[in-house]
Structure formats: structure tokens, C-alpha cells
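Novice: fold the following and give me the result.
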Amino acid sequence: MTPITAAGKIKVLIVDDSAVVRQVLQATLSKDPAIEVIGAASDPLFAMQRMQRQWPDVVVLDVEMPRMDGITFLGHLMREHPTPVIICSTLTEKGAATTMQALAAGAVQVVTKPTVGVRDFLLDSANDLAAAVKAAARANMGNLARRPSPAPVSQPAAAPEQGEAMLRTTECIVAIGTSTGGTQALETILTALPKVTAPIAIVQHMPAMFTAAFAERLNGLCQVEVREAKSGDRLLPGLALIAPGGCHMKIVRQGAQYYAEVFDGPLVNRHKPSVDVLFRSAAQVVGRNAIGIIMTGMGGDGARGLKIMRDAGATTMAQDEASCVVFGMPKEAIKLGAAERVGGFAEIVGLIRQA
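Specialist: Numbering: from 1, shown residues only. Predicted coordinates for the structure are as follows:
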């Protein structure tokens, strides 16, 4: 876990080529008594000079900058001195793709900024920015740096006989909820699954526009098909649906078949999509035939929903502290008695493969 200053404050370094962003971020974060902004650099080279004098606990990093881009700088940090990094990226298609590279390279969280009205947006998002910094400061960077290679898939499962897909669809649905550190954790889990696996519905806390790029990236790595969910998508074996950022997702049943329903609504536990929304729907319509898995992340979203799933007879599991980047959501679930089992990546993969 990242050390905090003797005064108990989290030391933050801002790296962004926009003077406006640097100024607003510095002013906004400095208002939080738990945070100390130790500097603001216009590019990674200036940042490295600053870090030689005082190393930050958290780096807030832009991705498109002169002289050295954020991805290259992030790679340097992860190799030389793994440090929690929050990516502060623009809400663009190009920005989404680059941000996926940053998350794969070890960034712990993403904060988006618009292309216009940046000042007002950052001021309005002051609480979220401070919360992101505090979550990042608690990240177990050792788990990011030592992220295990996906377990090999020994033999591709045989193609289901005609009618078997329907049978399996009605037998089991896997619901997964995760947040900080979840992009890397989901990659570890999903790449270890065979092509024919129980249907999977996933909520990963992530801003709008980024989940499509995230799903597309995973789809290129996994044997299972991974895509961003749309309302009406049927949950089928070998398919993992990721809730789109900025929308909730729940599971609905029509006859013997399960579908994803994507919808707008108020924030739940300060999140949209919310893990609790997905888990509650799984408890309601899938019941004892569901598997609920809560993984790394800050806060308590999903803990109550997992408890409802367990009370409905579902199999439930929480990721263990040893493998979490942030042991927040699983810890809350365990405290509530929501987790029937607690385990690391191997146990989670094993549970899904047995479904």
C-alpha cells in the first residue's frame, strides 16, 4: 500500500499540458484537508525532475502531452517505481482508446474531462476528484505490478449440442461487479475462461464512452465474446456483457431466457452503472441459479446487492485482499455476510468454469 506523508496527507503531483487544468486541479484538490498537491508539471520531463526532489503518493496524469506522452511516462513509472496513477483524459473516442492502453499499463483509475468547459467541469467534480485520489492512494501497487498471467485454458470446451445453449442459459448466470483495479482484474479472469462459459454480466465502474473501448480490447484477448451491453442483448454461453458507462444494467427474464436491460436513472451509491443494481436484478430473476462475484474497488457498491443474492440462494464470492488492488468493496461484502466464499483469481476462475 502506498505510504502517506507523516502529516497524514496524500502527496499529489499533477501532470497536464493545459495551464487551466493544472490550475483548477491544484486549487480543487488543495481544498481537501487530506490532500497536499506538491507540484504541477506541464509534461512528463518536468514531472520527473520534480519527482527527484519529492516523490508523490499519487500522480494525476494527462495522456496527450508534448515531448513525452502519458503512456510512455506511465510505463517508465511502473518499471522504475510503481506509483498510483489517475488518468485524466478527454471524453473522445481517441482518448478512450488511449486510456485503455493506460489502464493496461497500470493506471488505477480514470477521470474524464470534457473538451470544452473544462474549468466548470472540474470545479463541479471536486468531490469525485478527491475521492479518486484517496482511492488511488490506497491501491496495492504490488498487485498491479505482480498481476498474474492468465491461467491457461487446457482444452477448449466442446461446442454445445443443439438445445444445450438454452439449457445452460436457464441454469446459471454469472454477475460480476468491480471498480478500481477492475480493468486489470477482469482481463485476468476473462482471458482464463474457455470459449463456452456460462453467460456473464459485468458492471465495471467506468465513465461513459470508455466501456465500449474496454470491451473491444478484452474481446481481442479472450476466447469468450466480450462486448458493451445494449438493451435486448440475450445472455448466452460464451458471452460477457459489460454495462455501458453512464447507464445502469439489470438482468430481465422472458420465459426461460435472460436478457440485459440498459437504462438511465439516478446514481446509486454514487455510481452509474451500479453493481448493486445488477446484483439485485440477478437475485430477483435468476435466484439460486446465479453466481455473484464482487471484486477490487473502493467503497461499498455491490455489498448489499451481493447479500440479497446470497439470501436468494445464489452462490457468492468476494475477491480476497491478497489479490485486490483496493480491498474496499469485497471487504464491505464480507462484513455484511454477503460472501459465501472468499478467494483469489484462481478460485474465481474455477467457480465460473464450474458454472
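Novice: now the helices for the chain?
Specialist: 19-30, 44-53, 70-80, 93-105, 118-124, 126-137, 141-145, 164-171, 182-190, 210-219, 275-285, 303-311, 329-335, 345-354 (DSSP state H).
Novice: worst average pLDDT in the ones you listed?
Specialist: Mean pLDDT is lowest for helix 164-171 out of those, coming in at a mean of 46.
Novice: just put the helices of the chain in JSON lines and tack on mean neighbour count and distance to K9.
Specialist: Where you see a C-beta, it was placed from the backbone N, CA and C, and this is true even at glycine. Formatted as JSON lines, those follow (neighbours: other Cβ atoms under 10 Å; distance: least, Cβ to Cβ, whole Å):
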{"stretch": "helix 19-30", "mean neighbour count": "17", "distance to K9": "10"}
{"stretch": "helix 44-53", "mean neighbour count": "16", "distance to K9": "17"}
{"stretch": "helix 70-80", "mean neighbour count": "18", "distance to K9": "21"}
{"stretch": "helix 93-105", "mean neighbour count": "19", "distance to K9": "26"}
{"stretch": "helix 118-124", "mean neighbour count": "14", "distance to K9": "20"}
{"stretch": "helix 126-137", "mean neighbour count": "20", "distance to K9": "10"}
{"stretch": "helix 141-145", "mean neighbour count": "17", "distance to K9": "19"}
{"stretch": "helix 164-171", "mean neighbour count": "15", "distance to K9": "51"}
{"stretch": "helix 182-190", "mean neighbour count": "24", "distance to K9": "27"}
{"stretch": "helix 210-219", "mean neighbour count": "21", "distance to K9": "30"}
{"stretch": "helix 275-285", "mean neighbour count": "25", "distance to K9": "30"}
{"stretch": "helix 303-311", "mean neighbour count": "23", "distance to K9": "28"}
{"stretch": "helix 329-335", "mean neighbour count": "23", "distance to K9": "24"}
{"stretch": "helix 345-354", "mean neighbour count": "17", "distance to K9": "33"}
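Novice: can you put the ones you listed in a markdown table and add distance to Q254?
Specialist: Formatted as a markdown table, the helices of the chain follow (distance: least, Cβ to Cβ, whole Å):
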| stretch | distance to Q254 |
| --- | --- |
| helix 19-30 | 47 |
| helix 44-53 | 52 |
| helix 70-80 | 44 |
| helix 93-105 | 32 |
| helix 118-124 | 40 |
| helix 126-137 | 37 |
| helix 141-145 | 40 |
| helix 164-171 | 11 |
| helix 182-190 | 26 |
| helix 210-219 | 24 |
| helix 275-285 | 10 |
| helix 303-311 | 21 |
| helix 329-335 | 30 |
| helix 345-354 | 24 |
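Novice: nearest to Q319, out of those helices?
Specialist: Closest of the helices of the chain to Q319 is helix 329-335, at 4.9 Å (criterion: Cβ to Cβ).
Novice: CA atoms of that closest one as PDB?
Specialist: C-alpha atoms of helix 329-335 as PDB (Å, rounded to 0.1, in the frame of the first residue of the first chain):
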ATOM      1  CA  MET A 329     -16.000  -3.400  -2.000                       C
ATOM      2  CA  PRO A 330     -15.100  -7.000  -1.200                       C
ATOM      3  CA  LYS A 331     -14.400  -6.100   2.400                       C
ATOM      4  CA  GLU A 332     -17.800  -4.400   2.800                       C
ATOM      5  CA  ALA A 333     -19.400  -7.500   1.300                       C
ATOM      6  CA  ILE A 334     -17.600  -9.800   3.700                       C
ATOM      7  CA  LYS A 335     -18.600  -7.600   6.700                       C
END
